[in-house]
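S.K.: A structural model of the following input is requested.
(chains A and B)
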Amino acid sequence: MAAARERASLWPGFTALVAAAVYMIVLLGVERPPLVILLLGVGIAAVVAGAWAGLFADVSRSFAEHEDALGLFAIAALLAVAAFFHDDHFVLLLVTTVLLYSVATLGLNIQFGYAGVLNFAGASFFGVGAYTSAVLNAYTPVPHLLVLLIGGLLAALVGSLLLLPVLRTRGHYAAVVTIAFALLFKTFIEVNDVLGGPQGMQVKGMSILGWSFNDNIEIGGVSLSFYMNYFVVSLLLLIGAFVVVRRLERSWIGLNLDALRLDETAASCFGLDITRWKITAFLIGNFLIGLAGALYGMVGGFVAPNNYTFADSLILVSILLLGGIGNPWGLIVATFIVVVVPEKLQAIQEYRFLLYALMVIAMLLFRPEGLLPRPVRRYFPGWRP
Amino acid sequence: MTHLLEARGLSRRFGGVLALDHLDLSVAANEIIGLIGPNGSGKTTFFNVVTGIYGADEGRVTFDGRDITRASARAIYQAGVSRTFQRSRLSLPLSIFDNIMIGNHKHLNQGLWFNLFSRRRFKQEFEAGYRAARALVELFEPELAERMLEPAAGLPMIDRRRIEICRALISGPKLLLLDEPSAGMTHEETTELMDDILLVRERNKNLTIIIVEHEMGVIERITNRCVVLNFGRKIAEGRYRAVAADAQVQEAYLGVA
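M.R.: Numbering: from 1, shown residues only, chains lettered A, B, ... in the order given. So this is what the prediction gives:
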């Protein structure tokens, strides 16, 4: 008992974060494909060796106890990565993409990971957000921060159209409803000329109080890529989403969602309003997905139906399976892998769906709980009875 | 004598099978009632109808003076009925504490703002809940109380039953329905669990219990009164010894001699 009561150290978690940041910088920095492959090999070998030596248990204990401090370190690590690539458009765009996809998968995680409602239309709701910013930025003077909020709200609103069929069906059947929606959404955009049809639309860049995000920044003789603006806003968004998802999990609401996912009958025998909590999870999840989509529309500067297909929704779901359903840290790691690896290996771009499929199959076979499995709920990190 | 639970002419059909056939059953406050009968005689169906999982086809159920025949499972729990299940229905990946708190739903603040943004007040409620759950588990098994934050998946059957009973008790129900608490356990484990249940009863005289059980030793030991079902009908009622001597009951269990 004495050993278990001893406080876990901060250092394993800190070391893991530093190692991850250094690895990210090196991986993002190298250009030549053989080097990238070598680095990926080294990364995989290091993770397998670490798992074999039992180092991950220490890391996860350290995260369980000191999550707040390690969260701050993780933010610092991301800022360090951004600072290192401060004038590199391509890398900053890539990192920003990782941040925004992470926000979207966090939303998906509330729906599927906690409430057990599978959503195979994640990319569609992401698209609802992106098209919101395309239209509002083009035709209205609505402040852009408000546009983000409206993007999230619209994704939740459009999602509520699905609520009735999703609530009336269970499991696979609810999933099929969302697949149907994903297919409908793309067709709807394609035939809709106001929204640019198959060619899509330009999206005006973000600007807040006259600060235009699409201009490069000059600070004391150092020039920063204009993507730095988007990086900072995306990071703030991710921090906000992370905190909300964390608190949601570590509250009675998170408990309700787990209870109804695991056993609806037992949950209703203890007074849970199944419908209310499924709706809550679905709407909050969609709100986060739409919010991320709205910002991503402005980052990319362009929206088209082909960017929000059913296949893209499958990528979001595979991130969830890869990262560890229910573990926000794992989701960010998995998003990084899924977004960055194909970009660094242009040769396999064509085959990326094959790669994702293989990753998911391998994961389900050898580590069904994902890279970083979800730990048992601790309502307050480091809390002891 | 006022009845806490009263079923009048209660019927429930599954296709051509009458699982409950115009059943009349009254339970007085503070009683411990044994509900017995052969497999398929309608005991679990009775629990499912009372707790609102199944609707009744005919008849009425009143609880604490309220008609709950058409009430939802939620409303019936809110009114003060809680239960355990024949086949353990714990949420195995969740911790012992989490499983018990699921049963305390009605006493927990479910507001979105409270849960997400008033973390200080949430912490107070969490700590109070933790103390209550721990104290309850300690009654059953002090060792288990040291492991409140461990997942329920690793526990042996007897501990799972204990947690299921704690989950049913934490909200302070008026009526507890125990559906075969001894299923899958050894004789010694069953005895131990029944001692625990009697201990809980000892501390809370206002608790009324209906227990479905196949271990007749248990029924004899803890119940005030027994109701015997066969093919959804009540065939006998009374003290265990009298009921066990009843010719109809013997026939139902053993077949015609």
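
S.K.: Spatially nearest residue to the residue in chain A that chain B sits nearest to (excluding sequence neighbours)?
M.R.: Closest approach between chain A and chain B, counting by Cβ to the nearest Cβ: A:Ser251, at 3.6 Å. Every C-beta, even on glycine, is put in place using the N, C-alpha and C of the backbone. Spatially, and ignoring its direct neighbours in sequence, A:Ser251 is nearest to B:Asn115 (3.6 Å; Cβ to Cβ, 6 or more residues apart in numbering or on different chains).

S.K.: dump the residue contacts of residue 208.
M.R.: You didn't pick a chain, so chain A it is. A:143-145 (Cβ atoms under 8 Å, 6 or more residues apart in numbering or on different chains).

S.K.: try again with chain B
M.R.: B:Thr208 makes contact with B:4-5, B:27-33, B:174-176, according to Cβ under 8 Å, 6+ apart.

S.K.: what about the helices in the stretch 51-200 of chain B?
M.R.: Ranges of helices in the stretch 51-200 of chain B, per DSSP state H, counting those that start in this stretch, are B:73-79, B:96-102, B:112-117, B:119-140, B:142-145, B:157-169, B:187-203.

S.K.: Helix or strand next in line after the helix or strand hosting A:Val22, which one?
M.R.: Using DSSP states H and E, A:Val22 sits in helix A:11-29. Sequence order places helix A:33-52 as the next helix or strand after helix A:11-29, per DSSP H and E.

S.K.: Would you indicate which residues of that next one are buried?
M.R.: By 16 or more other Cβ atoms under 10 Å in any protein chain shown, the buried positions in helix A:33-52 come out as A:36, A:39, A:43.

S.K.: circling back to that earlier point, tell me which of the helices of the stretch 51-200 of chain B is the most buried.
M.R.: Comparing the helices of the stretch 51-200 of chain B by mean neighbour count (mean count of other Cβ atoms under 10 Å in any protein chain shown), helix B:96-102 ranks first with a mean of 27.

S.K.: So which elements touch that helix?
M.R.: Contacts defined by 3 or more Cβ pairs under 8 Å, 6 or more residues apart in numbering or on different chains; DSSP states H and E place helix B:96-102 against helix A:252-262, helix B:119-140, helix B:157-169.

S.K.: contact partners of it?
M.R.: A:252, A:255, A:258-259, A:266-267, A:270, A:272, A:376-377, B:90-91, B:94, B:108, B:129-130, B:133-134, B:136-137, B:144, B:147-152, B:155, B:163-164, B:166-167, B:170.

S.K.: farthest residue from the center of chain B?
M.R.: Distance from the centre of chain B peaks at B:Phe117, with 35.6 Å (Cα atoms, centre = their mean).

S.K.: re the thing from before, tell me, which of the helices of the stretch 51-200 of chain B is the model least confident about?
M.R.: Lowest mean pLDDT within those: helix B:187-203, at a mean of 89.

S.K.: which is the next helix or strand following it?
M.R.: Once the chain leaves helix B:187-203, the next helix or strand it forms, by DSSP H and E, is strand B:208-212.

S.K.: next structured bit after that next one?
M.R.: Strand B:208-212 is succeeded, C-terminally, by helix B:216-222 (DSSP H and E).

S.K.: avg pLDDT for that next one?
M.R.: The average pLDDT within helix B:216-222 is 88.

S.K.: What parts of chain A come near chain B?
M.R.: Residues of chain A lying near chain B by Cβ under 8 Å from any Cβ of the partner chain: A:1, A:244, A:247-248, A:251-253, A:255-256, A:258-259, A:262-263, A:265-273, A:280, A:376-380, A:385.

S.K.: Tell me the buried residues within those residues.
M.R.: The neighbour count (16+ other Cβ under 10 Å) marks A:244, A:247-248, A:251-253, A:255-256, A:258-259, A:262-263, A:266-273, A:280, A:376-377, A:379 as buried among the residues of chain A next to chain B.

S.K.: Go ahead and confirm B:Thr2 touches B:Val27.
M.R.: No - checked against Cβ atoms under 8 Å, the pair B:Thr2 and B:Val27 is beyond contact range at 10.6 Å.

S.K.: who has more neighbours, these two?
M.R.: Neighbour tally, B:Thr2 and B:Val27, criterion other Cβ atoms under 10 Å in any protein chain shown: the higher count belongs to B:Val27, 22 against 9.

S.K.: Relative to chain A, how far out is that one?
M.R.: Distance, B:Val27 to chain A, by Cβ to the nearest Cβ, to the nearest Å: 19 Å.

S.K.: what is the mean pLDDT for the host helix or strand of that residue?
M.R.: Under the criterion of DSSP H and E, B:Val27 resides in strand B:17-28. Averaging pLDDT along strand B:17-28 yields 92.

S.K.: Next SSE downstream of that strand?
M.R.: Under the assignment DSSP H and E, the closest C-terminal helix or strand after strand B:17-28 is strand B:32-36.

S.K.: Please name the strands paired to that next one in the sheet, noting orientation.
M.R.: strand B:208-212 (parallel), strand B:225-230 (parallel) (DSSP bridges).

S.K.: how big is the angle separating the shortest one from strand B:17-28?
M.R.: Per axes from the mean of the first three to the mean of the last three Cα atoms, to 10 degrees, the angle that strand B:208-212 makes with strand B:17-28 is 150 degrees.

S.K.: Neighbouring strands of the strand holding B:Val27 in the sheet, and parallel or not?
M.R.: Under the rule (DSSP bridges), strand B:17-28 has strand B:3-14 (antiparallel) as partners.

S.K.: buried ones in the partner strand?
M.R.: Neighbour-count burial for strand B:3-14, counted by 16+ other Cβ under 10 Å, picks out B:3-7, B:10-12.

S.K.: Leaving out chain neighbours, which residue sits closest to the residue in the stretch 151-257 of chain B that chain A sits nearest to?
M.R.: Nearest residue of the stretch 151-257 of chain B to chain A: B:Pro151, at 5.3 Å (Cβ to the nearest Cβ). The shortest distance from B:Pro151 to any residue other than its chain neighbours is 5.3 Å, reached at A:Val376 (Cβ to Cβ, 6+ apart).

S.K.: Pull out the buried residues from stretch A:226-235.
M.R.: Applying a neighbour-count criterion of 16+ other Cβ under 10 Å, one finds A:226-231, A:233-235 buried in stretch A:226-235.

S.K.: from these, which is closest to A:Thr178?
M.R.: A:Ser234 (25.7 Å; Cβ to Cβ).

S.K.: tell me the angle the helix or strand the closest one falls within makes with helix B:119-140.
M.R.: Secondary structure from DSSP H and E places A:Ser234 in helix A:227-249. With the same axes, to 10 degrees defining the directions, helix A:227-249 sits at 40 degrees from helix B:119-140.

S.K.: How is chain A partitioned into domains?
M.R.: A:1-84, A:90-206+A:223-366 (automatic domain parsing).

S.K.: which regions of chain A sit below the pLDDT cut-off?
M.R.: Within chain A, the stretches with pLDDT under 70 are A:1-6.

S.K.: Many thanks, we can stop here.
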